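Engineer: From the sequence below, what's the structure:
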Amino acid sequence: KHPMLRTSFQALDTEEPLQFVHRQMDIDCSFTDISTELIDDQVVKIVDFLRNDLNVSFKLNQPGLWRFKIFRLNEDHFFMIFIFHHAILDGWSDAIFNIELNNTYLKLKSGEQVDVMPLNASYREFIVEQKVALESKEFENYWKKELEKYKRFRFLNTESDSRKEHLNYKLPEEVTLNLLNLSKRNSISLRSICFSAFLYTLSTFSYDDDITVGIISHNRPEIEDGDKILGCFLNTIPFSMQIPDEGSWSQFVNSVSTKLNSQRKFEILPFNKIANLVDTRNANENPITDIGFGFNEFHVYNDQLLID
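Structural biologist: Below is the predicted model of the structure:
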């Protein structure tokens, strides 16, 4: 059903990288019974496995760029780990695969017949669309014009700080509901609303009101079953906008949403191609921007079957 799970890549000795889909391959799935261990000891063994697995690399020229590890915790509970190379799956694809696997398992367990049917779309359609974009002057001219006068965002504090910190913050339920209602009331995606807040917040950390950042996008083919294909469709797209000095919040969000929609057609051009068209960075800087925004909403998990 999913050719990407039987994929390998060849990047050496070819004019351009090639993807191979194999008819057959061996599945890497190992099983360890730790049901006799105490819970704390089980946790230690699983964490040790994950730590050691970080040193086990995939060979891109061999099919099966993924593997399973299953731990048996007790008679009725198992802990499954799915490890894969990011070249074959993005977050949405990971979610699709997990839901399919979960639902298929539960249906078979209950004695229900499961028919695995091929999709009406494949990763091939994405490759064709991207190759067309790469040869298109329309796409090239769009990004040249869009980023003709872009400015690299600089924070007010330019002192070097090598500290790496991760901040996890869960929005209060009331705030989340208000955001969802705002999205529904104004027919604007939650992604656009959050991105608008991100841009406005950034503007308070700079003297310049011209903001250029990266925003992560996906480029799944908009065809039947396009949302069910396994693959990596991610791209980082430069987004450049002047933050207005006046106007309402609603107007600002609408302007951001409008620009995101108008830019959608051109998002399939790979970021490195866009960077090569306009970038003038020095060797010590990232292409175009050091700041990126990502928004994940894996509503496919709503289709997950649960154990009665």
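
Engineer: C-alpha from now on. contacts and neighbour counts both.
Structural biologist: Will do.

Engineer: quick one: low-confidence parts of the stretch 201-308 of the chain?
Structural biologist: By pLDDT under 70, the low-scoring segments of the stretch 201-308 of the chain are 279-284, 308.

Engineer: helix or strand for Glu148, which one?
Structural biologist: Glu148 is part of no helix or strand, with elements assigned from DSSP states H and E.

Engineer: what's the neighbour count on the nearest residue to it once chain neighbours are set aside?
Structural biologist: Spatial nearest neighbour of Glu148, chain neighbours left out: Val278 (7.2 Å); criterion: CA to CA, 6 or more residues apart in numbering. Val278 has 19 neighbours, counted by other CA atoms under 10 Å.

Engineer: Equivalent analysis for Asp208, please.
Structural biologist: Asp208 has 16 nearby residues by other CA under 10 Å.

Engineer: tell me the contacts of it?
Structural biologist: By CA atoms under 8 Å, 6 or more residues apart in numbering, no residues touch Asp208.

Engineer: That one and Phe155, how far apart?
Structural biologist: Distance, Asp208 to Phe155, using CA to CA, to the nearest Å: 9 Å.

Engineer: just Asp115 next, same as before
Structural biologist: Taking CA to CA, one finds Asp115 at 55 Å from Phe155.

Engineer: the more surrounded of those two?
Structural biologist: Phe155 (14 against 7).

Engineer: ok, now which ones touch the more buried one?
Structural biologist: Contacts of Phe155 (CA under 8 Å, 6+ apart): 205-206.

Engineer: and it, helix, strand or coil?
Structural biologist: Assigned by DSSP: H, G, I helix; E, B strand; the rest coil, the conformation of Phe155 is coil.

Engineer: got the residue ranges for the strands in the stretch 151-300 of the chain?
Structural biologist: Assigned by DSSP state E, counting those that start in this stretch, the strands in the stretch 151-300 of the chain fall at 210-218, 234-242, 292-293.

Engineer: Angles on the backbone of the residue of the chain most remote from its centre, please.
Structural biologist: The centre of the chain is farthest from one residue, Thr36, which by CA atoms, centre = their mean lies 38.3 Å away. Thr36 adopts backbone torsions of phi -90, psi -10, taken as degrees, to the nearest 10.

Engineer: That one and Ile229, how far apart?
Structural biologist: 40 Å.

Engineer: Quick one: residues contacting the residue nearest to Tyr200 when sequence neighbours are not counted.
Structural biologist: Leaving aside its sequence neighbours, Tyr200 sits nearest to Ile243 (CA to CA, 6+ apart; 7.0 Å). Contact analysis of Ile243 by CA under 8 Å, 6+ apart lists 199-200, 203, 209-211.

Engineer: what does Arg6 give?
Structural biologist: Arg6 makes contact with 21-25, 63-65 under the criterion CA under 8 Å, 6+ apart.

Engineer: Test my guess that Asp26 contacts Gly64.
Structural biologist: Yes - Asp26 lies in contact with Gly64 (CA atoms under 8 Å); the separation is 7.3 Å.
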